[in-house]
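1. How does the following fold in three dimensions:
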Amino acid sequence: MKITEVKAFPVGVPLDEPLRWGAMEVGVKGGILVQVKTDEGTDGIGEAGFSAEYFPTVGPIINQQLGPMLVGRDPMDIGAIWQDMLEATHMWGRRGIETYALSGIDIALWDLLGKVSNQPVYRLLGASKSRVKAYYAPSLKPTDEIVDEAIAAVELGFCAMKLRNGPSIRNGVDMVARVREAVGPDIDIMVDANMAFDRREALTLAKELEQLDVLWLEEPILARSLTQYVDDHSWLADRVSLKLAGGESLLTRFEYLDLLSKRVFDVLQPDCTSVGGISECKRVADMASSWNLWCVPHIACSSGTGVALAAGLHMILSCENAPMIEFDAYGGPGWDGLLNQPLTATGGYVEAREVPGLGIEFQDGALDKYTLTGARFE
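-> Sure, this is the predicted structure:
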């Protein structure tokens, strides 16, 4: 079997109202899909990066740089291909947007391997469980709307949720307090601050959240360098009792070394679509396990294709130290007609389907319907 083509293309739907996550705002719900085709007719599907809006930078790297160098290769050689792609970007990136491109191709190769082997990917990775608890992840909205969404999520069976904290500490604490009162003491609540504060403000926030039984606080401190990221969050970790989570924007396992050696975070959050694919996300999870840390991968809610969720699920199901999965609160094209049988949360859990690969199958005509065109996506 040989690779004949590697192609990236953006899919999604424009939104009437932008979704917000901290400093990030998207007007399109969708992602960059990657298709690896072979001479035997079997193909693999992956996703690169957090949003379709990244396509003008990520897409050309796949379609013009990394993809052509893989034509003629054996797609089963995932490890060798991963290393060759990393080395090919050594002089012009290595830990930037090109790692998103590498990630999408790697995910597609795992999907292809599963199809050829007639096994779901999580079993090829070494199955640890067949289902995982899902946490509901709404975007940053007015408090009244978040309270209503939290109540609705609990009624759907979710027993965990992650709330976004805006630039105001007081308003953020009030939101968490109101949600806690609305959902009761038995629901896990996490808070994502999206690097909104300096370390003194983050300490004030963390002390308040400790009183509200928050399970973890995610990336509260603004950091422009990895050194500052490690040092300031270490400083905070020494002064609070609640868990700290982070790492969603780090790329490749090498950027996690200081986080592990200094025990900065209790929860690591690599993203399969950016850290280096399923291959590298699994390596980070195993590194975390050796330090008795949780690994709860980031899964971008700015996407909504369902492909990134499937990749994250299979990785999580292969890890004994991955107790939860982030679940998109607002669906998207993956649930609106792009995919046959998209993943769902039932009773607060997401369960693997015993189908080959990642279980990704497009509906007839869906790619023509959802592929984005125009100057914005070229």
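2. host element of Trp92?
-> Using DSSP states H and E, Trp92 falls within no helix or strand.
3. On the pLDDT front, check the nearest residue to it once chain neighbours are set aside for me.
-> Closest residue to Trp92 apart from its sequence neighbours, by Cβ to Cβ, 6 or more residues apart in numbering: Glu98 at 7.3 Å. Yep, even glycine has a C-beta here, placed from its N, CA and C like the rest. For Glu98, the pLDDT comes out at 94.
4. doesn't Pro60 make contact with Glu98?
-> No: using Cβ atoms under 8 Å, Glu98 makes no contact with Pro60, being 10.4 Å away.
5. any idea where the helices of the stretch 51-200 of the chain begin and end?
-> For the stretch 51-200 of the chain, the helices defined by DSSP state H, counting those that start in this stretch occupy 55-60, 67-70, 78-88, 97-117, 121-125, 143-155, 169-183, 199-210.
6. highest average neighbour count across the ones you listed?
-> Here the criterion is mean neighbour count by mean count of other Cβ atoms under 10 Å, and of the helices of the stretch 51-200 of the chain the winner is helix 97-117, at a mean of 26.
7. tell me the angle of that one relative to helix 78-88?
-> The directions of helix 97-117 and helix 78-88 differ by 160 degrees, with axes from the mean of the first three to the mean of the last three Cα atoms, to 10 degrees as the criterion.
8. Please parse the chain into its domains.
-> Domains of the chain are assigned by automatic domain parsing as 3-118+364-377, 122-351.
9. and the end-to-end length of the longest one?
-> Taking Cα to Cα, to the nearest Å, the span from the opening residue of domain 122-351 to its closing residue is 11 Å.
10. for the record, mean pLDDT for that domain?
-> Rounded to a whole number, the mean pLDDT of domain 122-351 is 96.
11. ok, Val154 - contacts?
-> Val183, Ile187 (Cβ atoms under 8 Å, 6 or more residues apart in numbering).
12. Numbering from 108 from now on, please.
-> New numbering, starting at 108: the last item is Val261.
13. Can you get me a residue count around Leu364?
-> Residues lying near Leu364 (other Cβ atoms under 10 Å) number 12.
14. part of a strand, is it?
-> No: in this structure, Leu364 is helix, not part of a strand, as judged by DSSP: H, G, I helix; E, B strand; the rest coil.
15. Centre-most residue in the chain?
-> Compute the mean C-alpha point of the chain, and by Cα atoms, centre = their mean the closest residue is Ile406, 2.1 Å away.
16. Does it touch Asp435 like I think?
-> Yes: assessed by Cβ under 8 Å, Ile406 is found in contact with Asp435 at 7.4 Å.
17. Over to Pro377. Which of the three states is it?
-> Using three-state DSSP, the structure places Pro377 in coil.
18. burial measure for it, as a count.
-> Using other Cβ under 10 Å, Pro377 is surrounded by 31 other residues.
19. Which residue, neighbours along the chain excluded, lies closest to it?
-> By the measure of Cβ to Cβ, 6+ apart, the closest residue to Pro377 outside its immediate chain neighbours is Val391, 4.4 Å from it.
20. quick one: the helix or strand the one you found falls within to helix 204-224, angle?
-> Take DSSP H and E as the rule and Val391 turns out to sit in helix 384-397. Note on geometry: by the same axes, to 10 degrees, helix 384-397 and helix 204-224 are set 100 degrees apart in direction.
21. residues in contact with helix 384-397?
-> The set of residues that contact helix 384-397 without belonging to it, under Cβ under 8 Å, 6+ apart, is 153, 185-186, 189, 209-214, 216-217, 228, 232, 354, 359-360, 363, 367, 375, 377-379, 382-383, 401-402, 404, 418-419, 421-422, 425-429.
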